[in-house]
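Enquirer: Here's a sequence, model it:
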Amino acid sequence: MERLLSGDFEVKAKHSSEEALQKWRKLCGVVKNRKRRFRFTANLSKRDEAAAMRKTNQEKLRIAVLVSKAAFQFIQGVSPSDYTVPAEVKAAGFDICAEELGSIVEGHDVKKLKFHGGVNGISEKLCTSTTDGLTTTNSELLNRRQEIYGINKFAESQLRSFWIFVWEALQDMTLMILGVCAFVSLIVGIATEGWPKGAHDGLGIVASILLVVFVTAISDYRQSLQFRDLDKEKKKIAVQVTRNGFRQKLSIYDLLPGDVVHLAIGDQVPADGLFISGFSVLIDESSLTGECEPVMVNSENPYMLSGTKVQDGSCKMMVATVGMRTQWGKLMATLSEGGDDETPLQVKLNGVATIIGKIGLFFAVVTFAVLVQGLFSRKWQAGTYFSWSGDDALEILEYFAIAVTIVVVAVPEGLPLAVTLSLAFAMKKMMNDKALVRHLAACETMGSATTICSDKTGTLTTNHMTVVKSCICMNAKEVHQPDKASSLCSEIPASSVKILLQSIFNNTGGEVVFNKDGKREILGTPTDTALLEFGLSLGGDFQAERQAVKLVKVEPFNSTKKRMGVVVELPEGGLRAHTKGASEIVLAACDKLINSNGDVVPLDEESTKYLNATIDQFASEALRTLCLAYMELEGGFSPENSMPVSGYTCIGIVGIKDPVRPGVKEAVAVCRSAGITVRMVTGDNINTAKAIARECGILTDDGIAIEGPDFREKKQEELLQLIPKIQVMARSSPLDKHTLVKHLRTTFGEVVAVTGDGTNDAPALHEADIGLAMGIAGTEVAKESADVIILDDNFSTIVTVAKWGRSVYINIQKFVQFQLTVNVVALIVNFSSACMTGSAPLTAVQLLWVNMIMDTLGALALATEPPNDELMKRSPVGRKGNFISSIMWRNILGQSLYQFMIIWQLQARGKVLFGLDGPDSDLVLNTLIFNSFVFCQIFNEISSREMEEINVFKGILDNYVFVAVIGCTVLSQIIIVEFLGTFANTTPLTFAQWFLSVFVGFLGMPIAAGLKKIPV
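Expert: Numbers count the residues shown, from 1 in each chain. Got it, this is the predicted structure:
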């Protein structure tokens, strides 16, 4: 089977080519219901529309930029615009309409911007402030603002009603043919036998069709609701906004024109807007235009477009246009209709369904031919070859219905849909376990993961940082308690304290603000927050320090340089540069230091050794170390130039404590027992990384810890020897992470999961089989590139994702094993019976009921099994594992053989065994065969809960869905046999016959257990 599927029915878990996606679709020839089969596959035509829209945007923006550049040359001669404010806008209290704002930002219209008084002029016309933001105390004005300018939401496809799913379920070709058969059967039956007797067969088929349709529709509708809920979670993005003079977090959907938004590296621009202030802002517009060259945004080019990403720098932006008035809104509306790529298992099982469907179609045609030939033979022998009655027509119709129903049973349409059901169930449960799955395929792939490359900060550690040790002016001291921090001020000169506080409060991406309640709040990354807290404990005043100097340039932290810096203009005149970052890198850029007397002295060998020993000492205690330094820029400085890279004066070193998360050590041990290798990849000092890795149980005696620069210098042959042993990579750059992931995937065939939170992690997240972004610390760029978002940033959640991934994979295997068994037995029984006896033991109505047991109900029972701890004691499937394994084939063929032998024995010798005679003997026997067959499937469903374990009842009561499905199936079977005989072609059975039917089914369980003992 795997050989037949390879090539034609194979797609990648990520980044599949359109050719591969088109190829398997064309090969799906035998499809009963195209709408249902392809509901959860990508809409390739909508994707083409989105690509065309991007191309149009790119051309429009290119022209707009050229026009704005040309206009800039002649801006002095600008003539008054003929713009008039619409009456309804004026009446609402504003002086500019949404269309005018849109044409300014989207068209990069310098002339119009100048006419309206620039950004400050537009802010006045929008009744807002570029410093305090919108005032939301007046609810009436807020409502008017929404009415005039709209809300920041995109048009979404309407939630489809339940009746649409009913209609789609009715599109099944085989059900439609059976419906026609039922109609003809009703007409002929009533004409020949009268009402109501002649209507029983037809009404039985109609009732069965309606039952199948409604059960299918209910299942599909529930899935659609689950996906809808998950889509809402995916779109929850919060941004920092200033409203009513206070900084606060706000959902992007609550933004309105006039809002002041704070953006930093990795953020997505949430609406079209205008730059207010900021430093070194580079915008990546590729998501909107496909253009990969970043755009510099400043006061001369203040246009910021929704959906673009901040690649570098930080800024304040005033929102201008929102929602569907932006190009991004229109693009998102089209993209949302494009859907997700289908997963590898969905495609593979579509292949299985197609292959088995073709076999089933062949058997159905042969069965129909054999049955019709039998009828002709009987009529030939009876000499009534030219005499045809209504009964004969009904018999041929019954044969045709049986042939169609064989196709219904033989085409396992439920296989690819069971994947979706299982994934939807798992995604919903994973959401409760703090993991948001962005791409369906990630659920499957995570179950095969063999390696996890994890960040340290925030994933393995708590991300709650505090400065606990410092070495300022060569004075090493513990400072984790406020009294110890304040005593530090008395031990070092006042001039040094002044420079230290200036460095802490100005060279930071964080802020100290006061919230609505007047309480002090520290905003920023955990590292910035820890340093600001340290500065405040030394008696510093954030606002006073910021107002005392003027910021000339800011170079934000990035993981390549491993440091950040600012240039400030001092109140007494002159310029000073401050830098902070990885201790050994910043210290290497210093040639002077401040000594214990507060004097600036050359950095000699002895001092360098002392400071390096301090760094190593802090790092060996699992502290994150930062070095702070400054430089007097006596020769002046231009903001266009980069900051100096050497010649600094070392102020001191701080050691920041970031404790290991509770439960991480146990989670790493679980991974090891599951055959998953955990590697730590961090930008921190190697000694800090090793200390944390040992504490977590990642670094073992036979493992290697290496630094990024050393890794980069290794040759290909050395890497082949080295990579399998690497457990810790410290001081790594994003490129090192990408290289490691690429080698693990391509050279070593590993299935790699990678965590990331920064903008620069995007390439590694994109390259990995499963990209895991951090929900709290992660930037929007990282989340956009990821397949799963870890909402609590906890490594233990990653292990939970792996467990769910394995559960999904194995659940689908269980369902496939169960369904293929039913397929094989139903096909062989009806075909062999038709060939041998000239009649089929299972009627159309009975086969439809069997189809529902194995399809919708079977998927509900087996594909929604929750994970257990035993899953993490098995080896991962990896990249090369066969989905339909030899273990499954053993179980399928063994169980099929048993069931076929039982059904065949009942058919051949049932009348003798039960002493059946008289006119109803055939009906009783066929009911007995049908009942035994159904109970064989019910007990086989229970046996399929475990493919290798003997004890299949373990944890069965924990899965209420499974228990409910089995209970409903048994109850429905009793009702069908005992009370619906006229419609289902059954007759009530005696206690002995019921006992035998149930016993025959139950006997399949010890046989299944025996099969599991056979080695394969």
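
Enquirer: going forward, measure contacts and count neighbours with C-alpha atoms only.
Expert: Will do.

Enquirer: In contact with the residue nearest the centre of the chain, which residues are there?
Expert: Within the chain, the residue whose C-alpha comes closest to the C-alpha centroid is R438; the distance, by C-alpha atoms, centre = their mean, is 2.1 Å. Under the criterion of C-alpha atoms under 8 Å, 6 or more residues apart in numbering, the contact list for R438 reads 234, 786-789.

Enquirer: next one: Q973
Expert: Per C-alpha under 8 Å, 6+ apart, neighbours of Q973: 931, 934.

Enquirer: next helix or strand past whichever strand or helix holds it?
Expert: Element membership of Q973, judged by DSSP states H and E, is helix 960-979. Moving toward the C-terminus from helix 960-979, the next helix or strand (DSSP H and E) is helix 981-984.

Enquirer: With just CA atoms, put that following helix into CSV.
Expert: In CSV, the C-alpha atoms belonging to helix 981-984 read as follows (Å, rounded to 0.1, in the frame of the first residue of the first chain):
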residue,chain,number,x,y,z
GLY,A,981,-37.8,-5.5,10.5
THR,A,982,-40.1,-4.4,7.7
PHE,A,983,-37.8,-1.6,6.7
ALA,A,984,-34.4,-3.2,7.5
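
Enquirer: Residues in contact with that helix: which ones?
Expert: Residues contacting helix 981-984 (C-alpha under 8 Å, 6+ apart): 200-201, 203-205, 843, 845-846, 976-977, 987-988.

Enquirer: swap in stretch 719-735?
Expert: By C-alpha under 8 Å, 6+ apart, stretch 719-735 touches 559-560, 678-686, 689-690, 693, 698-699, 702-709, 740, 744, 760-761, 763-764.

Enquirer: Helices - which of these land there?
Expert: The helices, defined by DSSP state H, take in 686, 689-690, 693, 708-709, 740, 744, 763-764 from the contacts of stretch 719-735.

Enquirer: possible to save the residues you listed as a markdown table with distance to I396 and pLDDT?
Expert: Putting these into a markdown table (distance: C-alpha to C-alpha, whole Å; pLDDT from 0 to 100) gives the following:
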| residue | distance to I396 | pLDDT |
| --- | --- | --- |
| I686 | 80 | 91 |
| A689 | 77 | 91 |
| K690 | 78 | 92 |
| A693 | 74 | 93 |
| G708 | 76 | 89 |
| P709 | 79 | 89 |
| L740 | 66 | 92 |
| L744 | 62 | 91 |
| P763 | 64 | 81 |
| A764 | 63 | 84 |
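
Enquirer: quick one: which of those has the most company?
Expert: A689 (29 neighbours; other C-alpha atoms under 10 Å).

Enquirer: Check what pLDDT the residue nearest to it when sequence neighbours are not counted gets.
Expert: Leaving out its chain neighbours, the residue that sits closest to A689 by C-alpha to C-alpha, 6 or more residues apart in numbering is A730, at 6.3 Å. On pLDDT, A730 comes in at 91.

Enquirer: same thing with P841?
Expert: Reported pLDDT for P841: 76.

Enquirer: Do I have it right that it meets N931?
Expert: No - the criterion here is C-alpha atoms under 8 Å, and P841 misses it with N931 at 11.2 Å.

Enquirer: picking up where we left off before, can you tell me which two in the ones in helices among the contacts of stretch 719-735 are farthest apart?
Expert: Comparing every pair within these by C-alpha to C-alpha identifies K690 and P763 as the most remote, at 25.3 Å.

Enquirer: Look up how far V934 lies from the residue nearest to the centre of the chain.
Expert: 39 Å (C-alpha to C-alpha, to the nearest Å).

Enquirer: what's the answer for V1016, then?
Expert: Distance from V1016 to V934, by C-alpha to C-alpha: 29 Å.

Enquirer: Can you select the buried ones among the contacts of R438 for me in ChimeraX?
Expert: A single ChimeraX command selects the buried members of the contacts of R438 (16 or more other C-alpha atoms under 10 Å):
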select :786,787,788,789
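
Enquirer: circling back to that earlier point, in terms of neighbours, single out the busier of V1016 and V934.
Expert: V934 (25 against 10).

Enquirer: how far does the helix or strand harbouring that one sit from the chain's center?
Expert: Using DSSP H and E, V934 falls within helix 921-943. Mean C-alpha position of helix 921-943 versus that of the full chain (C-alpha atoms, centre = their mean, to the nearest Å) differs by 42 Å.

Enquirer: just stretch 179-192 next, same as before
Expert: 50 Å.

Enquirer: count of residues packed around D254?
Expert: Count around D254 with other C-alpha under 10 Å applied: 12.

Enquirer: Could you report the neighbour count for E713?
Expert: E713 has 10 nearby residues by other C-alpha under 10 Å.

Enquirer: Contacts for stretch 921-941 next, please.
Expert: 818, 822, 841-842, 846, 850, 854, 858, 862, 895, 899, 903, 906-907, 910-911, 916, 966, 969-970, 973, 977, 985-989, 993, 996-998, 1000-1002, 1004-1005, 1008.

Enquirer: Tell me, how many residues neighbour S673?
Expert: 14.

Enquirer: meant to ask about K562, not that
Expert: 19.

Enquirer: What's the per-residue pLDDT of it here?
Expert: On the pLDDT scale, K562 gets 85.

Enquirer: which ones are touching it?
Expert: Per C-alpha under 8 Å, 6+ apart, neighbours of K562: 581-582, 585, 683.

Enquirer: taking those one by one, which sit in helices?
Expert: I585.

Enquirer: so which of the contacts of K562 comes closest to K428?
Expert: G683 (33.8 Å).

Enquirer: isn't the closest one right up against T560?
Expert: No - the pair G683 and T560 fails to qualify as a contact (C-alpha under 8 Å) at a distance of 9.2 Å.

Enquirer: which one is A92 nearest to, not counting chain neighbours?
Expert: In space, A92 is closest to R144, 6.1 Å off (C-alpha to C-alpha, 6+ apart).

Enquirer: averaged over its residues, what pLDDT does stretch 446-462 have?
Expert: For stretch 446-462, the mean per-residue pLDDT is 87.

Enquirer: Can you show me the CA trace of that stretch as PDB?
Expert: The C-alpha coordinates for stretch 446-462 follow below in PDB (Å, rounded to 0.1, in the frame of the first residue of the first chain):
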ATOM      1  CA  MET A 446       4.700  16.700  16.200                       C
ATOM      2  CA  GLY A 447       3.900  13.000  16.900                       C
ATOM      3  CA  SER A 448       6.900  12.000  14.800                       C
ATOM      4  CA  ALA A 449       9.300  14.500  16.300                       C
ATOM      5  CA  THR A 450      12.800  13.100  17.200                       C
ATOM      6  CA  THR A 451      14.500  16.300  18.200                       C
ATOM      7  CA  ILE A 452      13.500  19.500  20.100                       C
ATOM      8  CA  CYS A 453      15.800  22.500  19.800                       C
ATOM      9  CA  SER A 454      14.700  24.800  22.700                       C
ATOM     10  CA  ASP A 455      15.500  28.300  23.700                       C
ATOM     11  CA  LYS A 456      16.600  28.800  27.300                       C
ATOM     12  CA  THR A 457      15.100  32.100  28.400                       C
ATOM     13  CA  GLY A 458      11.400  31.900  29.100                       C
ATOM     14  CA  THR A 459      11.000  28.400  27.800                       C
ATOM     15  CA  LEU A 460      13.200  26.400  30.200                       C
ATOM     16  CA  THR A 461      13.300  29.300  32.700                       C
ATOM     17  CA  THR A 462      10.500  31.300  34.200                       C
END
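
Enquirer: Since that was my last question, I'll sign off now.
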